[in-house]
Structures are given as C-alpha cells and as structure tokens.
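Peer 1: Predicted model, plus sequence, below.
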Amino acid sequence: MDAIGGVLCRCTGYRKIISAVIDAGREQILMSSAPAGTAVGNRMVRLDGLAKITGKEIYGADEIPSGALLLRVIRCPFHRAGFQFGDLEKYAKQNAITCVLTAKDVPGENRYGVIPKFADQPVFAESEARFKGEAVAAVAGAQAAVEKLDLTQFPVVWNELPALMTIDQALTPGAPQLHHGREQNVLVRGRVVRGDVDAALRNAEITAELEVETGFVEHACIEPEAGFARRAGDTIEIQACTQSPYMDRSDIARILGIAEASVRIIPTAVGGGFGTKLDLSVQPFLALAAWKLNLPVRMVYSRTESMISTTKRHPARMWAKAGAGRDGKLQALDFRADFNTGAYSSWGPTVSARVPVHASGPYFVPHYRALTRAVHTHLVPAGAFRGFGVPQMAIAQEQLYDELADRVGMDRLEFRILNSLTNDLPTVTGQVLGEGVGIRACFEALRPRWKAARKEAVDFNSSAQHLRRGVGVAGMWYGCGNTSLPNPSTMRVGLKSDGRIALHQGAVDIGQGSATVVTQICADALGCSIDRFDLLSGDTSITPDCGKTSASRQTFVSGKAAYMAGEALRREILRLVKACDCAKISFENGSVEVHEDKKLHRISLADLPIDKHGYVLTAEATFDPPTRALDENGQGMPYAVYGFGAHLAEIEVDTELGTIKVLRITAAHDVGRAINPTLIEGQIEGGVAQGIGMALMEEFFPGKGENLHDYLIPSAGDIPPIESILIEDPSSIGPYGAKGIGEQAVIPTAPAILNALHDAIGIRLRKIPATPDRVRAEILRCGITGASRG
Amino acid sequence: MWFAGVYVYLRPTTLEEALEALYQSRGELLAGGTDFYPSLGERLPAKPIVDITRVRELKGITRKPDLFRIGGGATWTELIKAPLPRCFDALKAAAREIGSVQIQNRGTVAGNLCNASPAADSVPALLALDAAVELASRSTVRRVALQDFILGNRKTARQADEILTAILVPRAVDDALSTFLKLGARRYLVISIAIVAVVLDIESGKIRDARVAVGSCSVRAQRLTDLEQRLRGASLSDIAELAAEQHLKPLSPIDDVRASASYRFDSALTLVRRALAQCAAKC
C-alpha cells in the first residue's frame, strides 16, 4: 500500500491497481478471447488494456504535430472585474509572440454552452470577467517564447468589482444581475409535485426534518485538459480529450462561424472525465488560433488552470421534511434545494431538472413536492459531475429517512425494504416501471452484513474509549440517459472482405471501459468472436453520433444500438443465402459459413461487391430510449430505465480528533445484466472512492487551495476493502437487460458514511464534507459523552 | 535565468565547487526538488539553478563521538534505513509520513528545514533532539541551533551564499524514548494539521529529561517548555494527564483550508497527551 500511497487516482478505487500489481508478478496475463456468443457476462480484458499498460495509448497531450505553437491563456485574477487591454501588438512584438487573441478575434459567436438554449459562456470575456479564472485573452507562439512569459505582466488593467459569492447574496433583491433575463440570478427552477404534500405532512403521525449544505467538488481528473488543433484547408481539426465530440463540433462551428461539416473532432483517450470534459476547455482557444494562423497549435492546462476554470460539482443547500405512519410507511416528502451554479449555465438546468425527479430516493412516496433552483454567482461554473446533483440530494434524503426510521422505531434497513419501490408502484413522476426495479433485492443482499456489522460495532463500542464504530446504509436510484429528452446513439458495423468486423463506435470511452462493453454486446448479437473485431472509435469524420459519455447512458443506449447493429448485420448475412433466423453463422478468414439444419452455405467474401462504406456488408442502427415529456407538475416518463443500488458503510470515529476511518463498504447494485463484471466492479470501487472523498474531505474553495495538496482527494490508504454484490433484475429495453452503472456507483456512499457517523456518535453535520474539524466541533457542541477529555 | 538564450543549470560535485557556483551565479539551490518545483507554479525558474544532489561532502549519515551528522544531501529514505539509536524513532516515524515513498526517495531532510514550512514534518522531532544546523559559505562555516535557524513561515537564517551542509544531533540522549504523531485529513501525501514529537529520557521509572515539540500550529514549530518542566522528575504513570491547555501557550494556530485554529489547538493537546502516553508505554 505504501508503494502506491503517492499516486493519486481515486476513480480507480485503488484496490484493483493493487490486485493487478500482484497478478502481474504471478502469471501470464490472460488476453481477451471468448468463443462466439459468450462475450456478454464474461470478465473480458479491456480491449484498450494493452495500449494503456504499454504506454502506447494516445491522451490529450500526446501526438502533438512537430512545430506546433504553444498557447497560453490570460485569466482574470479576481472573482469579478472589468478590464482594459494595453498595447497588445507591442507586447506581442517585444516578446516574440506569434499572436494575441481576444474576444475581437472570434469570427463567429463569442458564446457557447452545452445546452444551446442556455448558451452564455464567452470564449473570452468581452468587458467584464464573471469569475476568477475566466479567460480574457490568449497568446500563441514558439514554445520557448511562450513558456518564458510571466503572464502577470500581460498588458491588462483590472478593475475589481464587488462579487456575489453566495446563493443568498445572489438572491438578494437589488443584487447585480449576471445575465440579462435571469431575474434574481435564477437560471432555472425545477419542480415535481404529486399528491397533497402539505396535508399529508400535517396528518403524518411521525415526521422528521433536516437541513444540510455541500460545497464545490473538483473532478481532479489526473489528466488535465489538453490537445491540439490544426487547419486543413477549410476544415478545422481538434484532437483533444473530451466526453462529447459531437457537442464540441457544434459549439466550435458556432464560434468559428463555419459549418459543422467543416469541424472534425478527434477524441483521444481520456484520463478522467466524470462530467467536466463534457464542456469545452482548451478546444475553442486552439481552434481560434489554428484557424487564424493556419498553423498547428497545442496546449495543456496546468493543474491550477484546470481547477480554477473548469466546471465543478454544484454546492447544494437543501431542506427536507418527510412524514410516515406508525407502521413505517412513507407518506410524504417535501424537498427544496438551491444549487450554486456559478457564473455560467453549463449543466445547471440539468441538475435542477434531475434532482426533483430523484429526491424521493428509490422508494414509494405518495405525496411529494421537490422544488429546485440553480442560482448564478461570480464563481467558477458548476456543471456535470457524476450524478448531476443526485449525490448531493441523496445526502439530504437518505439521512432524513434514517431519522424517520429512528422516530418510527424501526431498523433503518428494514424501513428501507418496507418502503422500496416495486415494479407496480408509481414513481414520483407517476411512472410505473413494470419491470427491473431491483432496489429491494439490493437492500436484502445487504441484510446479512448489516446484521453482523451492527453487532460487531456494538461489541467494539462496549469496550472502546475514544474510538466509536458505526454502521450506515443508503439507497439510490438513477435514471439512465437524458431527462425526457431524445439522446440517440447510432452504431455502424461492417463486414470486411477478409472476414473481419469493423465496428464504428462513437461512444467515447473515458476510462470506464465502454468500448469493450459495446463490442462485447455487438459480438454476441452478431454471433461472432470478439477477436475478429476492429474498432473505429469516436472520430466525428468516421463514426456516427453516439451522443455524449454522460448520464450513465453508454452501456444502455450505445450498447443497445450496438446490439441492434450486430443483429442487423446478422440478418443481412442470413438474407444473402436466404437462411432462416435460427441458422448459425461462423466467421472464417475471407469467408462466412451459414449452417442451417444440414445445409451449409459458404459465402466467399472476395466475390462480394464493396459498398460505399468500404465493406461487403454494412448495418447501421439507432437507438433512442423511449421517454415522455414531464408536465408542469413534473409528471411523465423521464427515463426508460433506472439503475438501483444500496451501500453499507462501516466506519470508526476518533471522537477526540474528529477523524473518520472507513473500515469497509459493501455495495449492492442492480445492473440489469452485468455485461462485464470486472468493469462494473471497477466502476463501483471508483464510485465509492469518490463518494468517500465527497463525504470526508473534498471541498473546493474558489480562490483558495487551487492545487492537489490543498484540495484533498482520497489516497490509496483511505480506501477500505469494497465488496460488490451484483444484482441482475433485467430491463427488457436495455441490451441483454443491462442498465447503467457509472453514476449510480457514487450516489449512496456519502450518505451511508454520514448515516454511519450518526450511528457511531449521534451527530449530523449541517455542512459536508465531514472534515475532522467539523466533526470535532459538533462533538464538542453536543457534549457527546465519552468524547470529552478527562 | 536565460543568458543569451542559455539556461544556467550547474551541477557541482564537490562542496567547494558548489559554494563557488552559488556565490558566482547568485542562483537558487536545488536538492530533492520536491518543494522547489511545486513552488514555481507555472513560472520557469527566475534564477540560475545550483543542483547539489551530486556533492560528495553532503552525502550520508555519520556517527561521531559527540553527535550524529545528517549530511545536507541525505534523503528521507537514507534516514529511515540508517542504523540510529532509539531517540531517533520519532524522526524516523516523521520521515515515513513525509509525502509518499516517492517523495521520501528524493526529498532531503535539509531541504525540509530550508523550505521552512510551518507544517514541515521533520522540525518537531529535530527540535526535540536539540538539533543544530551547519551552514557553510566560501569563507565561513557556522553552527546555528535549529531553534534559531527557522525564523518564520518560509524564513530561515541561511544567507543566499550559504549551503546547509549538515544537521547535527548531540548524543546526549541516545537511549531516550521518542514518539511522533501526525494528524492529517487523508492517509498519504497530506500536509499536517498538527504534528507532535516527544523525547523522554527515563531513569528508574522517572522522567529525567523531556522534550515536547508541536508543529503546524504556529508559524514555526515550538517546544512546550512549561510542559517539559512539569514532566521532569514525574513518574510514568498517568503521564498524559500532566499535559494541560496552559502548556500550549507557545502555539498560535491559524484558520486555513485544512482546519480551524480552535481545532488545531484542541487536537494538539490530544496529540501531546497521546504521544506522551505512547512514549511512556514503550518503557
């Protein structure tokens, strides 16, 4: 453990690194190979694994064309400031810089944003910068000249202005307004209402209420944003790390004022995304410079630049009240949340829309009201971060349900089992899922460990002095795909004349392994061994649109498209020889054989004509999950499929120091069908590690600690053993029944730890993360017995 | 610094060359680099660099009749592996908590002192050993008590043309017991919230001499001399109870992103008591 203590990379969960190191010294590593039709459910080695461990993989900062100019960005050092430039030409000349770019150099619209309706972020601020770290200008030139610059000497005069730093300041009547038309700095409101929550809470025999706040959380991708751009005639090419090549393409076209067809996005491998690489970062600067100069231009964000300028998890201020009967049945939940969305819209509207749909948790709640607001401040934009606000929401809702269970006098796990959503009960948006609601099974899977851990904690505490142990549980549900919006994926699969299969898959693998999963699905649908597949990935000039890698949609949506494309190619092959559906296909070099009863058809591929895609046969399929718009009360069908899960946390609190050690996490997830169990465990372990960070140490203070020694993410020594329990309650819509897991994995960890903290010493914090000083202050405030000195 | 397009980077192999290079270039010293490079941020070095990692005279840890000499180039890993008496246990424990194994392999003990961070992990343990430093320039060699060497946050008594050639630990208490405790908000690579080092010289069940030092709770680490006075002559039983709030007077903690001042104060007392109890328990 000490050997990797100095390696920060929390989304791996670290545990798999240790087991991989041990395995590597032991025996020959098994490479992927599975007979046709057995890829799904198989623990296959990732297809990009070898390139990654040999260092051949291409990331954002790699493959830079020789002679590329270096670009650096001049950023506002104040939370809010007006500014005026001095003599930029003179500056460029004196410092031998090729060019200086400002808002004036943007040929198209100086405006972008992930949701076109709300696009409000300029590439370069025009007269006023709205957050510390906002770009106002860029310099490009030869590496030696640009590296040497002390950017604090750039000719710009700042006029610092009073900034709105909190939600309350932004909502104060008369406060300066960040964007025209957004009254009181409210970007959007979200609302889901069902039944009569006021009456139900009035009549409820037992109620509980809770307030809690969370801070900014930094993605801390170990690969900073990086890439290069070059112009090829009338086309601009951008090779960079990204989660959303097609959205990048639209925004770059708008910024340059050219057609989308003239923009080519080449995504590289991604060393951590978690939502922050859905938004543009280096791309517009690189595109502008390369377009203008007709020379290749590169840049790599420094850690500080990445931290001050890219999106964060939204700080949330939440209040909730819930009611239940003496029988323990949940009757009502009233939930309100304000999210600090920072200076620009980014994914603020998505967070505000997603949270009210999910705030019930995976339970049946007949009377429900959830209201949210995203509020602008002069801080770094908050955007997408693994779960779109739902992890924050779960911190409030799951702690509140623990309180309610205690007041009812029920075991906290049994209370959750009693209230679990089922196939037949409606969700808070009135959707009856009818199948695949595996939450009860997840809780029940935790029951044996819950009972044992509770007993162990009681035994430990009976003799312990300043150490107290606690056990907590929390549940989760999370809709896969965009909320009531279309989000299609298209896959193309081609049979080559040599008998190999080309899979054009545009789903960007951001490290989670989607390229492997999607290929496993396609291989089985086609009936061909995965060894015959050649992958063509995520280049907007060669792959159809698979949407963005977010919202836990790639296994479900792109996986389903891959399934349909694989099946379609199989049908094409059968049609060639007029064989029936039940025929078996085997792929050979240069030929395909179709076995039907006792007949054998042999197709010699060299004899077939080549189509416009360059294949002898091509199939393409599009899948868009069926959803229905939400009405004014948020009623409708926001998602076709939900993932479910529950975590159990065992912790030890040092009551004299306020420190918390997580001893063990048991995670049960209903994934519908585990396409690749190893990769799912990887997602769970990484999600748990990020959840531990969110619960115990991760909080970003804009303007302070913009580096990874002040901003703490968990190290290998902070991650306990994690046991994953996979539940497979299939959804007939997903490929082979599969559901998403990416965001689901992070949601229950933090509330489970906070519930364990309450179990251990009876405190609930108003402000998360539960840092040692906050925990100790609360212990002293509450006068916890056995924790004071002497 | 660039001179006619050439960057000045000097790598002497003897102390004499190093002192001359430092004097002539007016440059900055580079040893392990584990503080040097992070402190640059996005800037390139503004001055010539004098890299002293190859200087022969700075290597190693040696035992003399009256003192231990930790060479100015000795790394944390060398310190951990060196055969040293048990009064060094606290310093070795501190070494194991510095950053991570990778940092310990590169970073030097002397560099930790010269960087003079209020949260420097080695300082409380070295203060508790009554350590001094040896500073050499082209013309002089002088010895300064560690207490007087670190002047404040990132401030030391080292002159621009001096190299810290060794850390000197007197052999007054070789067989004393020592303990180190560090509090941080994560397991590895963490800047301390509070650090405590204790050295107890024990004779027939009673404390003959006690040194207690606390780091990360004031601009520079402090010895708790009132507490040390209180401990001298005391018996080992219930030793932790002897430490009280009033003994923390030398501390003046601040609020920062890592913790509040009141928390630092509160946890320092807890750590002092625990360190005393753990140290006494080794007897």
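Peer 2: Arrived safely. Computed from a predicted structure; not experimentally measured. Numbers count the residues shown, from 1 in each chain, chains lettered A, B, ... in the order given.
Peer 1: And for the residue in the stretch 1-150 of chain B positioned nearest to chain A, nearest residue in space, chain neighbours not counted?
Peer 2: For the stretch 1-150 of chain B, the residue closest to chain A is B:S100, as judged by C-beta to the nearest C-beta, at 2.5 Å. Quick note: C-beta positions are derived from backbone N, CA and C, even for glycine. Leaving aside its sequence neighbours, B:S100 sits nearest to A:G6 (C-beta to C-beta, 6 or more residues apart in numbering or on different chains; 2.5 Å).
Peer 1: quick one: which helix or strand includes the one you found?
Peer 2: Under DSSP states H and E, no helix or strand contains A:G6.
Peer 1: if we can go back for a sec, and the residue of the stretch 1-150 of chain B closest to chain A, what does it touch?
Peer 2: Remark: with contacts taken as C-beta atoms under 8 Å, 6 or more residues apart in numbering or on different chains, B:S100 is in contact with A:2, A:5-7, B:188-189.
Peer 1: just curious, which of the residues you listed is nearest to A:N185?
Peer 2: Closest approach between those and A:N185, by C-beta to C-beta: B:L189, at 38.0 Å.
Peer 1: so the closest one sits right up against A:A716, yeah?
Peer 2: No - using C-beta atoms under 8 Å, B:L189 is not in contact with A:A716, being 9.9 Å away.
Peer 1: joint contacts of these two?
Peer 2: Here B:L189 and A:A716 have A:G5 as joint contacts, going by C-beta under 8 Å, 6+ apart.
Peer 1: Give me the more crowded residue out of the two.
Peer 2: A:A716 (26 against 22; other C-beta atoms under 10 Å in any protein chain shown).
Peer 1: Counting residues, name the longest helix you see in chain B.
Peer 2: In chain B, taking DSSP state H as the definition, the longest helix is helix B:261-281.
Peer 1: That one vs chain A: in contact?
Peer 2: Yes - shown here: helix B:261-281 in contact with chain A (C-beta under 8 Å from any C-beta of the partner chain) through B:262-263, B:266-267, B:269-271, B:273.
Peer 1: Select only the buried ones of the residues you listed in ChimeraX?
Peer 2: To isolate the buried ones among those in ChimeraX, judged by 16 or more other C-beta atoms under 10 Å in any protein chain shown, type:
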select /B:263,266,267,269,270,271,273
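Peer 1: Look up how far B:L22 lies from the residue nearest to B:S100.
Peer 2: For A:G6, the distance to B:L22 equals 30 Å [C-beta to C-beta, to the nearest Å].
Peer 1: And for A:L50?
Peer 2: Distance, A:L50 to B:L22, by C-beta to C-beta: 48 Å.
Peer 1: Quick one: neighbours of the residue in the stretch 651-790 of chain A positioned nearest to chain B, just the number.
Peer 2: Residue nearest to chain B within the stretch 651-790 of chain A (C-beta to the nearest C-beta): A:G717, separated by 2.8 Å. The local packing of A:G717 (other C-beta under 10 Å) involves 18 other residues.
Peer 1: give me every residue that touches it.
Peer 2: A:G717 makes contact with A:1, A:5, B:186-188, according to C-beta under 8 Å, 6+ apart.
Peer 1: got it, and A:V156?
Peer 2: Contacts here follow C-beta under 8 Å, 6+ apart; on that basis A:V156 touches A:74, A:83-86, A:136-137.
Peer 1: same thing but 7 Å
Peer 2: Counting by C-beta atoms under 7 Å, 6 or more residues apart in numbering or on different chains, A:V156 touches A:74, A:83, A:85-86, A:136.
Peer 1: swap in B:D35?
Peer 2: Contacts for B:D35 (C-beta under 7 Å, 6+ apart) come out as B:111, B:115.
Peer 1: now swap in A:S732 and tell me
Peer 2: A:S732 touches A:E435, counting by C-beta under 7 Å, 6+ apart.
Peer 1: Need the phi and psi values for it.
Peer 2: A:S732 adopts backbone torsions of phi -70, psi -10, taken as degrees, to the nearest 10.
Peer 1: Just the pLDDT for residue 172.
Peer 2: Answering for chain A, as no chain was given. Listed pLDDT for A:T172 reads 97.
Peer 1: if you could check chain B rather than the one you did, that'd help
Peer 2: pLDDT for B:A172: 91.
Peer 1: try the one 3 residues further on
Peer 2: For B:D175, the pLDDT comes out at 94.
Peer 1: State the distance from it to chain A.
Peer 2: Using C-beta to the nearest C-beta, to the nearest Å, B:D175 is found at 28 Å from chain A.
Peer 1: Check for me that that residue belongs to a helix.
Peer 2: No - looking at B:D175 with DSSP: H, G, I helix; E, B strand; the rest coil, it is coil, so not inside a helix.
Peer 1: circling back to that earlier point, who's more crowded, A:L50 and B:L22?
Peer 2: Neighbour count, other C-beta under 10 Å: between A:L50 and B:L22, B:L22 has more, with 23 against 14.
Peer 1: For the nearest residue to A:Q635 once chain neighbours are set aside, which three-state class applies?
Peer 2: Of all residues not flanking A:Q635 in the chain, A:G430 sits nearest, at 4.5 Å (C-beta to C-beta, 6+ apart). Secondary structure assignment for A:G430 (three-state DSSP): coil.
Peer 1: Any buried residues in stretch A:151-165, and which?
Peer 2: For stretch A:151-165, the neighbour count (16+ other C-beta under 10 Å) marks A:151, A:154-156, A:163-165 as buried.
Peer 1: Check the offset of that stretch from the chain's centre.
Peer 2: Averaging C-alpha positions (C-alpha atoms, centre = their mean, to the nearest Å) puts stretch A:151-165 33 Å from its chain's average.
Peer 1: So what would you say the end-to-end distance of that stretch is?
Peer 2: Taking C-alpha to C-alpha, to the nearest Å, stretch A:151-165 runs 26 Å from one end to the other.
Peer 1: Would you point out which residue of the stretch 101-250 of chain B is nearest chain A?
Peer 2: Closest contact between the stretch 101-250 of chain B and chain A, by C-beta to the nearest C-beta, is at B:R187 (2.8 Å).
Peer 1: Give me the neighbour count for that residue.
Peer 2: So B:R187, with other C-beta under 10 Å, has 18 neighbours.
Peer 1: Just the local confidence number for it, please.
Peer 2: Predicted confidence (pLDDT) for B:R187: 93.
Peer 1: my guess is it is in a strand, correct?
Peer 2: No - counting by three-state DSSP, one finds B:R187 to be coil, located in no strand.
Peer 1: Any of the contacts of A:V156 buried? List them.
Peer 2: Buried among these by 16+ other C-beta under 10 Å: A:74, A:83, A:85, A:136.
Peer 1: tally of neighbours for the closest residue in space to A:L605 that isn't next to it in sequence?
Peer 2: Excluding the flanking residues, the one nearest A:L605 by C-beta to C-beta, 6+ apart is A:S497, at 4.6 Å. Neighbours of A:S497 under the rule other C-beta under 10 Å: 18.
Peer 1: A:S604 is in contact with A:S497, correct?
Peer 2: No - assessed by C-beta atoms under 7 Å, A:S497 is found out of contact with A:S604, at 9.4 Å.
Peer 1: Using CSV, write out every CA atom in the helix or strand harbouring A:V775.
Peer 2: In this structure, A:V775 is located in helix A:772-782 according to DSSP H and E. Once non-C-alpha atoms are left out, helix A:772-782 reads as follows in CSV (Å, rounded to 0.1, in the frame of the first residue of the first chain):
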residue,chain,number,x,y,z
PRO,A,772,-12.1,16.4,11.3
ASP,A,773,-12.5,20.0,12.5
ARG,A,774,-16.3,20.0,11.7
VAL,A,775,-16.8,16.6,13.3
ARG,A,776,-14.9,17.6,16.4
ALA,A,777,-16.7,20.9,16.7
GLU,A,778,-20.1,19.1,16.5
ILE,A,779,-18.9,16.6,19.1
LEU,A,780,-18.0,19.4,21.5
ARG,A,781,-21.2,21.4,20.7
CYS,A,782,-23.3,18.3,21.5
